[in-house]
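J.: Mind looking at a prediction? Sequence and model below.
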Amino acid sequence: MNSMPALIDVLARAGFMHDGAPVDGMVMPGDYLDADPRAGRYAFLFDRSRFPLAIQGIFKAGGTPVMIFVDGGIDTFSEQTAISWHRIAWNVGLAPLLWINLPGRVIILDNYRRPSGYLADVVIASFTTETPSGISDLVTACGRLAFETGAFWSSDFARRIDRQQRVDATLLRELTAVERKLLCAGLQPLLAQKLIGRTIFSQYLIDRGLLQVVDLERLFGHPNLSSIFRDLDAAAGLFDWLRATFNGDLFPPDVENERAQVRAEHLTALADFLDGHEAATGQLSAFPFRFDYIPVELISSIYEQFAHSIAGSSAATQGLHYTPVNLVDLLLDQVMDDLSGTAKILDPACGSGVFLVEAMRRLVWLRTRAEPNSRQLVRDVLRNQIFGVDINAGALQVAAFSLYLAALELDPDLQEEGLGWLKFDHLIGYNLINTSFFQADGLEEHRFDIVVGNPPWTYGGAAAARERPAPSSVPQPRRSPDWSFLWHARD
């Protein structure tokens, strides 16, 4: 027996459905099949072959996802099922709340709380749906109006939500601790960051099934990444394979005499991270990270670790700041409305590429409204429609990293035999340019439909502000380059 009618009934009572149709702010299965490019952002969540959590809807308040809805069914639900679903939802990091509809009750889980293996640790509230008073309590606490008016966020339920346990914050802390461990073991910062980047990317390939056990054993002699890292020769073979397969753009520049510098203790720290050991304490976590579920956009949340460390004391003057994904969505919702799928987009201060990743996703979505999706289409968008400029080389490394992941996420033919298709064209030096926006050569060869991004709203010194001044008749700050960015973008 299917309990979906009960779910729809409860959603209607809570204000998320009206006359059998979802209200504004609800994203439902099938919405991503229409012509709205914004729906494509959530398409993978409704792909049952890829994503094991059977999401029935997502509610957004103020453009920000706040609730994921799933149906617990009747015969298949158990506490272990809920724990498994919460683990997936936590890794996705999309919305703070998980609504599980059960016969006669609704339970609300905290998606920002790191999984512990115990359901009681993550339950925020439980409501009966068998009595009018129970429904009334549910509607008052977690109904649509509670989110649209902000009442939920001033309630006792919201006070239990700790954003510092969200997957991106937790991952950033863990990677920072791993980096610190590598530096204390004598590794230079650039090489430590390159090793961390390779670790994340390699585990993503494995979690997504692009590198399978048979491939790992054939190529490197071990069945998983952790055991590869516990073998110096096998790890060196993996790094050589990554460099050859991805043309070197992912983790440039090469570090001189790298193999002699990387010792067993460095790789052991990375292996322990993969096995779920907390770097600071050594304690084994109940659930390691799952990089097949963590969205590509959250890669940018590691941006500060990579770009700030590489930039060093110049980070502040270069305006290196993490741009929240919600801000990216808000801006692109405005500027990409009614845009053609063949448009070209430039971010003149692209940083880790967060605007470029989301713009790429939307352009692919727009193009597939008029032509079949294919690997060639995805890579054509990546190569010829997405452009970024940044003065910081470390930021561009993260941008290339994120765009490669986005291209793999959008690829409709991931199950192709062999691994040769993984090779990409170069990005850095072609459509990712490491220079000042004011000195970038070749941009005039393109006509950009949109120039979008987050320019360096920061103190850069008088010289930086006058590097490309606005017309003399226009008043502008003397020590900030932001207005100059805006004027040059108009050109």
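T.: It's in.
J.: how far is stretch 373-393 from where the chain is centred?
T.: 17 Å (Cα atoms, centre = their mean, to the nearest Å).
J.: Can you get me the start-to-end distance on that stretch?
T.: 32 Å (Cα to Cα, to the nearest Å).
J.: show me where the stretch 1-150 of the chain has helices.
T.: With DSSP state H, counting those that start in this stretch, the ranges of helices along the stretch 1-150 of the chain come out as 4-13, 79-92, 132-142, 144-148.
J.: just checking, what packs against the third one?
T.: In terms of contacts (3 or more Cβ pairs under 8 Å, 6 or more residues apart in numbering; DSSP states H and E), helix 132-142 is packed against helix 4-13, strand 105-110, strand 123-128, helix 144-148. For glycine as for every other residue, the C-beta is placed from the backbone atoms N, C-alpha and C.
J.: want to throw those into a markdown table with distance to residue 450 and mean pLDDT?
T.: Shown next, in a markdown table, are those (distance: least, Cβ to Cβ, whole Å; pLDDT from 0 to 100):
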| stretch | distance to residue 450 | mean pLDDT |
| --- | --- | --- |
| helix 4-13 | 36 | 80 |
| strand 105-110 | 37 | 95 |
| strand 123-128 | 40 | 95 |
| helix 144-148 | 30 | 95 |
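J.: So which of those is the most surrounded?
T.: strand 105-110 (a mean of 21; mean count of other Cβ atoms under 10 Å).
J.: picking up where we left off before, which of the helices and strands packed on helix 132-142 sits closest to residue 195?
T.: Residue 195 sits nearest to strand 105-110 of all those, at 32.8 Å, using Cβ to Cβ.
J.: And the helices of the stretch 1-150 of the chain: which comes nearest residue 419?
T.: helix 79-92 (25.2 Å).
J.: Report the backbone C-alpha coordinates of that closest one in CSV.
T.: Once non-C-alpha atoms are left out, helix 79-92 reads as follows in CSV (Å, rounded to 0.1, in the frame of the first residue of the first chain):
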residue,chain,number,x,y,z
GLU,A,79,14.8,3.6,12.7
GLN,A,80,17.8,2.5,10.7
THR,A,81,16.1,3.7,7.5
ALA,A,82,15.6,7.1,9.1
ILE,A,83,19.3,7.2,10.2
SER,A,84,20.3,6.3,6.6
TRP,A,85,18.1,9.0,5.1
HIS,A,86,19.5,11.6,7.5
ARG,A,87,23.0,10.6,6.7
ILE,A,88,22.3,11.3,3.0
ALA,A,89,20.4,14.6,3.7
TRP,A,90,23.3,15.8,5.9
ASN,A,91,25.9,15.1,3.2
VAL,A,92,23.7,17.0,0.7
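J.: buried ones in that helix?
T.: By 16 or more other Cβ atoms under 10 Å, the buried positions in helix 79-92 come out as 82-83, 85-92.
J.: Check stretch 65-82 too.
T.: In stretch 65-82, counting by 16+ other Cβ under 10 Å, buried: 65-73, 77, 82.
J.: What is the lowest-pLDDT residue among the residues you listed?
T.: Of all these, residue 73 carries the smallest pLDDT score, 72.
J.: Please report how far it lies from residue 159.
T.: 31 Å (Cβ to Cβ, to the nearest Å).
J.: do residue 347 as well
T.: Residue 347 is 37 Å from residue 159, by Cβ to Cβ.
J.: higher neighbour count, the two?
T.: More neighbours surround residue 347 than the other of residue 347 and residue 159, with 26 against 9 (other Cβ atoms under 10 Å).
J.: ok so, going back, for residue 413, find the nearest of the helices and strands packed on helix 132-142.
T.: Nearest to residue 413, of all the helices and strands packed on helix 132-142, is helix 4-13, at 32.1 Å by Cβ to Cβ.
J.: For the closest one, give me every contacting residue.
T.: With contacts defined as Cβ atoms under 8 Å, 6 or more residues apart in numbering, helix 4-13 is touched by 17-18, 20, 56-57, 69, 71, 101, 103, 106, 129, 135, 138-139.
J.: for those, which one is nearest residue 399?
T.: When those are compared against residue 399 (criterion: Cβ to Cβ), the nearest one is residue 57, at 32.5 Å.
J.: show me what contacts the closest residue to that closest one other than its chain neighbours?
T.: Nearest residue to residue 57 in three dimensions, chain neighbours excluded: residue 69, at 4.3 Å (Cβ to Cβ, 6 or more residues apart in numbering). Residues near residue 69 by Cβ under 8 Å, 6+ apart: 7, 11, 16, 55-59, 99, 101.
J.: Looking at those, state which has the most neighbours.
T.: Neighbour counts for the contacts of residue 69 peak at residue 59, which has 27 neighbours (criterion: other Cβ under 10 Å).
J.: My read is that that one contacts residue 67, right?
T.: Yes: counting by Cβ atoms under 8 Å, residue 59 touches residue 67, with 4.4 Å between them.
J.: Spit out the residues that contact the two alike.
T.: Taking Cβ under 8 Å, 6+ apart as the contact rule, residue 59 and residue 67 both touch 95, 147.
J.: Below-threshold pLDDT in the stretch 101-250 of the chain: ranges please.
T.: Low-confidence regions of the stretch 101-250 of the chain, defined by pLDDT under 70, span residues 247-250.
J.: what does the stretch 351-491 of the chain give?
T.: Residues of the stretch 351-491 of the chain that meet the cut-off, pLDDT under 70, sit at 415-418, 457-483, 487.
J.: quick one: the helices in the stretch 201-350 of the chain?
T.: Using DSSP H, counting those that start in this stretch, helices in the stretch 201-350 of the chain cover 213-220, 225-229, 232-245, 258-261, 264-274, 303, 309-311, 325-335.
J.: Residue 277 - nearest residue in space that isn't next to it in sequence?
T.: Nearest non-adjacent residue to residue 277 (Cβ to Cβ, 6+ apart): residue 284, at 5.6 Å.
J.: Check the burial of residue 132 by counting its neighbours.
T.: A total of 9 residues lie near residue 132 under the criterion other Cβ under 10 Å.
J.: need the contact list for it.
T.: Counting by Cβ under 8 Å, 6+ apart, residue 132 touches no other residue.
J.: Could you do residue 390 as well?
T.: Applying Cβ under 8 Å, 6+ apart, the residues contacting residue 390 are 349-351, 396, 399, 432-434.
J.: Format these as CSV; extra columns: distance to residue 412.
T.: Converted to CSV, the contacts of residue 390 look like this (distance: Cβ to Cβ, whole Å):
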residue, distance to residue 412
349, 32
350, 26
351, 29
396, 27
399, 23
432, 24
433, 29
434, 31
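J.: So which of the residues you listed is the closest to residue 125?
T.: Distance to residue 125, by Cβ to Cβ, is smallest for residue 351 among the contacts of residue 390, at 38.2 Å.
J.: and the closest one, what helix or strand is that in?
T.: Counting by DSSP states H and E, no helix or strand carries residue 351.
J.: Residue 353 versus the closest residue to it other than its chain neighbours, what's the distance?
T.: The shortest distance from residue 351 to any non-neighbouring residue, by Cβ to Cβ, 6+ apart, is to residue 395 (4.7 Å). Residue 395 sits 8 Å away from residue 353, taking Cβ to Cβ as the criterion.
J.: Between the helices of the stretch 201-350 of the chain, which one is closest to residue 280.
T.: Among those, helix 264-274 sits nearest to residue 280 (Cβ to Cβ), with 11.1 Å.
J.: and the angle from that closest one to helix 232-245?
T.: 70 degrees (axes from the mean of the first three to the mean of the last three Cα atoms, to 10 degrees).
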